[in-house]
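Q: Structure of the sequence below:
(2 chains)
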Amino acid sequence: MKGGIAVSDTFSDFTQAIGKQREQNMGLMEKLLVAAQPGAVYSEPVSSGNYMIITASEVSAGGGFGGGLGFGTPSTDDEVSGDEGARPQRQESRGGGGGGSGGGGGSAGRPVAVIIIGPDGVDVKPVIDATKIALAALTALGAIVMTLRRMRKLSHG
Amino acid sequence: MLRLQRLIQSHIVSGAPLIAGEATLTPQSHALIVRWPSGGFIWNRPVAILVERGAQAQRIPIRDLTRIVQLGLLGLSVVCIIVSWLHMR
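A: All right, here's what the predicted structure looks like:
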């Protein structure tokens, strides 16, 4: 049963290591949840004269992690015959095993509006991302051109 | 249902109030949290700012113009594709 004990020791080492890794990952996940707080969306106010400016941004963050372990089947106990009459000896062999874990994540932010607080009151000015709008407009234009060409082709043919 | 609620959470969160002169401003954001055993995703966007002046309270919505225009153009593209598909039938 020595081989069995060796395998179970290795298994317990692996499970401990993976458990530790999992705890670390959960800690990382909790840190990621900070992005869900309003403090991540609204900037610290910046004052200039009678005006105060706050930036409001859209924030997104995500992450994932995983791990695994595996064991090879222990090689069969080879019987090595000794001298005649002597007890056959058993050659104990350990089963191979391995494990690993990893993770990844990312975050993105985009300004949505600027809040201006002045003597006249509070004013919200939108921030327009021209690149994103241009890309969407090009896609829409492509769809319109394709539709018109198809309709023209069908009406002529 | 409870499990789904634990998996997907959506709530409006109010930030710390900010005092600017006589007005008290409270920023609000909408947080969408999707969690699964091996990870998660968070999407947080500004929704509105509450302005309180004495007894008067005003809610100023924050509109994401870029997103509105993007969705509008996407809708236009989808309509074009549907029209061309209907014309071909």
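
Q: mind showing which ranges of chain A have poor pLDDT?
A: A:1-11, A:14, A:74-95, A:157 (pLDDT under 70).

Q: quick one, what contacts A:G105?
A: A:28, A:32, A:61-64, B:39 (C-beta atoms under 8 Å, 6 or more residues apart in numbering or on different chains). In this view, the C-beta of every residue, glycine as well, is placed from N, C-alpha and C.

Q: List the buried residues of the helix or strand encompassing it.
A: For A:G105, the host element (DSSP states H and E) is strand A:97-118. The neighbour-count check on strand A:97-118 (16 or more other C-beta atoms under 10 Å in any protein chain shown) flags A:99, A:101, A:103, A:105, A:111-115, A:117 as buried.

Q: could you give me the average pLDDT of the helix or strand where B:V47 lies?
A: Taking DSSP H and E as the criterion, B:V47 maps to strand B:39-53. Average pLDDT, strand B:39-53: 92.

Q: Is A:M29 part of a helix or strand, or is it coil?
A: Following DSSP: H, G, I helix; E, B strand; the rest coil, we place A:M29 in the helix state.

Q: Please name the bridge partners of the spatially closest residue to it that is not a sequence neighbour.
A: Excluding the flanking residues, the one nearest A:M29 by C-beta to C-beta, 6 or more residues apart in numbering or on different chains is B:G40, at 5.8 Å. Bridge pairing for B:G40 (DSSP bridges) gives the partners A:G63, B:R35.

Q: Could I get the phi/psi values of B:P17?
A: phi -70, psi 150 (degrees, to the nearest 10).

Q: Only alpha carbons, please: show the lowest-mean-pLDDT helix or strand in chain B as CSV.
A: In chain B, the helix or strand scored least confidently by mean pLDDT, DSSP states H and E is helix B:2-7, which has a mean of 74. Only the C-alpha atoms of helix B:2-7 are listed here, as CSV (Å, rounded to 0.1, in the frame of the first residue of the first chain):
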residue,chain,number,x,y,z
LEU,B,2,-32.2,32.6,-5.9
ARG,B,3,-29.2,31.0,-7.6
LEU,B,4,-29.7,33.2,-10.7
GLN,B,5,-30.0,36.3,-8.4
ARG,B,6,-26.7,35.3,-6.8
LEU,B,7,-25.2,34.9,-10.3
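
Q: ok, residues contacting that helix?
A: Counting by C-beta under 8 Å, 6+ apart, residues outside helix B:2-7 touching it are B:34-36.

Q: Name the next helix or strand following it along the chain.
A: Assigned by DSSP H and E, the successor of helix B:2-7 is strand B:8-14.

Q: from the chain's centre, how far out does the following helix or strand past that following strand sit?
A: Next helix or strand after strand B:8-14 toward the C-terminus (DSSP H and E): strand B:18-20. Distance of strand B:18-20 from the chain centroid (C-alpha atoms, centre = their mean, to the nearest Å) equals 24 Å.

Q: Sort out which residues of strand B:18-20 are buried, please.
A: Buried-residue list, strand B:18-20, by 16+ other C-beta under 10 Å: B:18, B:20.
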